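> Next comes the sequence, and after it the predicted model I'd like to discuss.
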Amino acid sequence: MTAPLRLYVRRSESAPPDSESRRINISVRVPTDLDVVEEAVDLVARHCLASGVPPKAARFVVRVVLCEALANAIVYGNQLDPAKRVDVRVEVGDEAVALHVCDEGDGFDPSVVPDPTEPDRIELNQGRGLFLIRQLVDEVHFNPRGNAICMIMRRA
């Protein structure tokens with residue numbers, strides 16, 4: 001049995017309490033277990049919604065991209081190794097929401113992931129998660145090692 005997830009929420013202390021500017025950090029460490037992905041995504045999405053992320057973004061975009069990034073981190077990054085964890089951190093700001101997912105794997109080169117919409121790849125089950133993430137968020141960045149993704153959604 002997997003231990004319960006612990007979510008940490010921290011409000012920025014840099015903005016005055018009466019200020020319109022706010023920054024909320026949400027973080028959770030997820031075990032390398034595909035069975036907890038849905039619970040982790042639900043927990044983070046609910047706190048994003050409570051932190052002022054627009055409902056459509058919290059109920060759909062955050063859930064889809066976080067689910068895809070977590071599944072990739074668990075399967076491809078951590079190679080399903082139960083001794084490893086995946087760190088999820090969300091920064092909710094006035095202008096954007098940044099979702100960070102970092103695994104303990106060796107990383108990869110995202111520039112070599114082929115386009116899953118190419119005719120010879122359309123029937124394959126690989127590469128669709130990253131493609132979907134790139135379609136749903138405004139920016140996608142990887143760390144140099146390739147074991148951490150940052151997905152940015154600008155607020156309208």
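It's in.

> low-confidence ranges in this structure?
1-3, 13-21, 156 (pLDDT under 70).

> Please enumerate the helices of it.
With DSSP state H applied, the chain shows helices at 37-50, 55-56, 62-72, 128-136, listed in chain order.

> The ones you listed into TSV, with extra columns for distance to E95 and mean neighbour count?
(C-beta placed from N, C-alpha, C; glycine too.) TSV is the format used below for the helices of the chain (distance: least, CB to CB, whole Å; neighbours: other CB atoms under 10 Å):
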stretch	distance to E95	mean neighbour count
helix 37-50	15	18
helix 55-56	17	10
helix 62-72	16	22
helix 128-136	18	17
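
> Nearest the geometric middle of the protein, what residue?
Within the chain, one residue has its C-alpha closest to the average C-alpha position: by CA atoms, centre = their mean, that is L66, at 3.7 Å.

> That one - nearest residue in space that isn't next to it in sequence?
Closest residue in space to L66, ignoring its immediate chain neighbours: V41 at 5.0 Å, by CB to CB, 6 or more residues apart in numbering.

> P82: how many residues sit nearby?
Look at P82: counted by other CB atoms under 10 Å, it has 10 neighbours.

> Would you agree it is in contact with D35?
No: applying CB atoms under 8 Å, one finds P82 not in contact with D35, separated by 11.3 Å.

> Now for I133: which residues touch it?
65, 68-69, 140, 149, 151 (CB atoms under 8 Å, 6 or more residues apart in numbering).

> Which members of the residues you listed are the farthest-apart pair?
The largest distance within the contacts of I133, taken as CB to CB, falls between E68 and V140 and amounts to 11.2 Å.

> hang on, the earlier thing: can you give me every residue that contacts the residue nearest to L66?
V41 touches 62-63, 66-67, 70, counting by CB under 8 Å, 6+ apart.
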